[in-house]
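S.K.: My questions are about this predicted structure, shown below with the sequence.
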Amino acid sequence: MIMNVAPAIVVLGQNSVTVARKIISVLPGATLYGLAGRTSGVDVSFTNFGETLRELFVQKTPLIGICAAGILIRTLAPLLSDKQQEPPVLAVAEDGSAVVPLLGGLGGVNDLARRIAEALDVKPAITTTGDLRLGTTLLSPPPGYHLANPDDAKKFISDLLAGAEVKLEGIAPWLSDSKLPINPKGDLTIQVTERLVTPTANCLVYHPATIAIAISDIIDDPVTLVQQLLADAKLERTSVAGIFAPITAAANPAIHAVASALGVPTRFFTPNQLESLLSKGYSPAQAAAIAATGTFPITPASAQIAIAIAPQPIDLNITGQPRGRLAIIGTGPGGLQWMSKEVKEILRSATDLVGYKTYLDLVGSLADGKQRHESDNREEEARAKVALDLAASGRYVAVVSSGDPGIYAMATAVFEVCDRYAKPEWDSIDIHVAPGISAMQAAAAAIGAPLGHDFCAISLSDILKPWSAIAQRITAAAEADFVIAFYNPVSKERTWQLAEARNILLRHRTPDTPVVLARNLGRPGQTVKAIALDELAPANADMRTIILVGSTKTRTIKRRDGNIWVYTPRRYTEQQVYI
């Protein structure tokens, strides 16, 4: 069974969350959906069970409902039309005592039920006759095999259940070790081959994932070339297990173009893994093909591309390594409600999380099952090196920052390290920056619109730059009449900088200029208040505080409840009225 989409686990009460976590332990990447108001600690909260379930079903998302089977059946009944297109749907008892596959027999629902049942230490309630009597699901082969003619399978299985015997051509342990009535003289045939063949009604054809395509250099029109090589060799494209290459070619667009066109993953070999083959005179592509299959390439000698066939399906879990991925993410300034959908998906998919412990704790259950690599908040360079080295080994690493990762955070640190040390193995990494809501945006939104006109951000930390540069920028921003967002205003070791910044500003701003102090944004103990500029003092702030200093145009609106709004007008002159 191969699931291209991670399952959704849907719960209606808090008692089901524990069972859901056990299921997630064997289904990494699964998303936990919980009914709002009745569950906590879930990945996604929903308010309408029916709409949520139907939307996921239409998206072909495997569904695991920890609830009564009846409610799942009644909710999805209007959508049932084509069983070949249905995703797996299972019902799991609230206490984990029963696992019942309901829909998606062709999508591997029985195999999924077995995995879940094993995690819960129960027996799955499988009722499929063919599965029970034949000991295997012919319509849903295991990973590494593709059924070429599923439309012929229904009658084929009916004939087997009626007493017909089958001869097996080719090697497939999952078939030979099953309860199939195998007889060399059987009227039915199961053929296992990576070659192009024409299936018939009495012959099921399975294509094993035994073909390795290796590419090492840039190639013009690589997709057309590979398709032609497969056709010339009379090989079936669904038997291609993956695209393989030396790790030094991991950024080669030809590799990823072919992988995308064939819908297969990429895997890469380190110089140490290919050294002995290269020393024997094989080209990098030939060496990669041999390393993937253990056999010699069948294509003509080429320095750029090679195709080889393994004697059994290639296990990508132990063959080469994936291209390393490094995502530098911003979780927003506080709770999960400010975290983008993109960031949540990265956190679910990542294998490793790197960051300051406080920030890693902010992601909550999205960190479950991940390798955590914690460090002190000031160890940015060391943290970046750890993340890059992990990604270079084929891991999917998320470097976690609060706020936006590109604003006084880890995105710059990673690129600084890449630029300064330029280790060759880092060139293979796919690096991506995922933005987050910044602290200054959250602070502004909490009190109105103080950033409604031109503004700038200045860090008051003089650890990485001299105070003279900071003072110069404060002066320039004050003279230019910018609204200013002050980051890192006060720490235990730095207390005088904020007072000095206030003194500079008072040379260009009136004492009653609005100043917004926002602390612990989106977290327990959040406070947002406005004071006058001449009241600003180090005691007002710490490292969890963002400070917004208004321009000469920034205004306040007093509300009847005693609170105020702060905003900066979009116009610097009064709007003219034409009569």
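M.R.: Received the coordinates, thanks. Only a predicted model underlies this, so the values are computations on that prediction, with no experimental measurement involved.

S.K.: So which residues of the stretch 401-550 of the chain form helices?
M.R.: With helices called from DSSP state H, counting those that start in this stretch, the stretch 401-550 of the chain shows them at 410-421, 439-447, 467-479, 496-505.

S.K.: Can I get the ones you listed in JSON lines including mean pLDDT and distance to residue 487?
M.R.: The way it works is simple: take the backbone N, C-alpha and C, and place the C-beta from them, glycine included. Supplementary listing: the helices of the stretch 401-550 of the chain in JSON lines, determined by pLDDT from 0 to 100; distance: least, CB to CB, whole Å:
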{"stretch": "helix 410-421", "mean pLDDT": "96", "distance to residue 487": "13"}
{"stretch": "helix 439-447", "mean pLDDT": "96", "distance to residue 487": "7"}
{"stretch": "helix 467-479", "mean pLDDT": "97", "distance to residue 487": "11"}
{"stretch": "helix 496-505", "mean pLDDT": "96", "distance to residue 487": "12"}
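
S.K.: okay, these, which one's buried deepest?
M.R.: Counting by mean count of other CB atoms under 10 Å, helix 439-447 has the highest mean neighbour count of these, with a mean of 22.

S.K.: Report the backbone C-alpha coordinates of that helix in CSV.
M.R.: The C-alpha coordinates for helix 439-447 follow below in CSV (Å, rounded to 0.1, in the frame of the first residue of the first chain):
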residue,chain,number,x,y,z
ALA,A,439,6.1,40.9,16.1
MET,A,440,5.7,44.4,14.8
GLN,A,441,2.7,43.4,12.7
ALA,A,442,1.1,41.6,15.6
ALA,A,443,1.7,44.6,17.9
ALA,A,444,0.3,47.0,15.5
ALA,A,445,-2.8,44.9,14.9
ALA,A,446,-3.4,44.6,18.6
ILE,A,447,-3.9,48.3,19.1
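
S.K.: Name all residues that make contact with residue 432.
M.R.: When contacts are counted by CB atoms under 8 Å, 6 or more residues apart in numbering, residue 432 is found next to 325-328.

S.K.: redo that, cut-off 7 Å
M.R.: Shown in contact with residue 432 (CB atoms under 7 Å, 6 or more residues apart in numbering): residue 327.

S.K.: give me the beta-bridge partners of it?
M.R.: Per DSSP bridges, the residues bridged to residue 432 are residue 327.

S.K.: For the stretch 351-500 of the chain, just list every one of the strands.
M.R.: Secondary structure of the stretch 351-500 of the chain (DSSP state E, counting those that start in this stretch): strands at 352-356, 371-375, 396-401, 430-434, 448-449, 455-459, 483-487.

S.K.: and the third one, which strands flank it?
M.R.: Paired neighbours of strand 396-401 in the sheet (DSSP bridges): strand 325-330 (parallel), strand 352-356 (parallel).

S.K.: so how far does stretch 527-546 reach from one end to the other?
M.R.: End-to-end distance for stretch 527-546, by CA to CA, to the nearest Å: 11 Å.

S.K.: Could you list the buried residues of it?
M.R.: Of the residues in stretch 527-546, 528, 530-531, 533, 536, 538, 540-541, 544-546 count as buried by neighbour count, 16 or more other CB atoms under 10 Å.

S.K.: could the residues you listed go into TSV alongside distance to residue 401 and pLDDT?
M.R.: TSV is the format used below for the buried residues of stretch 527-546 (distance: CB to CB, whole Å; pLDDT from 0 to 100):
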residue	distance to residue 401	pLDDT
528	22	96
530	27	96
531	28	96
533	30	97
536	27	96
538	25	94
540	25	92
541	20	94
544	15	91
545	17	95
546	15	96
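
S.K.: if you look at those, which of them are in strands?
M.R.: Secondary structure from DSSP state E places 528, 530-531, 545-546 of the buried residues of stretch 527-546 in strands.

S.K.: what's residue 174 in contact with, if anything?
M.R.: By CB under 7 Å, 6+ apart, the residues touching residue 174 are 136, 142.

S.K.: Roughly how far does it sit from residue 87?
M.R.: Distance, residue 174 to residue 87, by CB to CB, to the nearest Å: 23 Å.

S.K.: Pull the most distant pair out of the buried residues of stretch 527-546.
M.R.: Across the buried residues of stretch 527-546, no pair lies farther apart than 533 and 544, at 21.2 Å, counting by CB to CB.

S.K.: what about stretch 543-555, distance to the chain center?
M.R.: Distance, stretch centre to chain centre, for stretch 543-555: 36 Å (CA atoms, centre = their mean, to the nearest Å).

S.K.: whoops, stretch 547-567 was the one
M.R.: With CA atoms, centre = their mean as the basis, the mean position of stretch 547-567 lies at 40 Å from the chain mean.

S.K.: do stretch 36-47 as well
M.R.: Centroid displacement of stretch 36-47 relative to its chain, using CA atoms, centre = their mean, is 21 Å.

S.K.: What residues of that stretch count as buried?
M.R.: Buried residues in stretch 36-47, counted by 16+ other CB under 10 Å: 39, 42-43, 45-46.

S.K.: Reformat the residues you listed as a markdown table; add pLDDT and distance to residue 57.
M.R.: What follows is the buried residues of stretch 36-47, written out as a markdown table (pLDDT from 0 to 100; distance: CB to CB, whole Å):
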| residue | pLDDT | distance to residue 57 |
| --- | --- | --- |
| 39 | 90 | 20 |
| 42 | 86 | 19 |
| 43 | 84 | 18 |
| 45 | 88 | 19 |
| 46 | 91 | 14 |
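
S.K.: For residue 166, give me its contacts.
M.R.: Going by CB under 7 Å, 6+ apart, residue 166 touches 160, 180-182, 186, 188-190.

S.K.: and which of those residues is nearest to residue 285?
M.R.: Taking CB to CB as the measure, residue 285 lies nearest residue 190 of those, at 33.9 Å.
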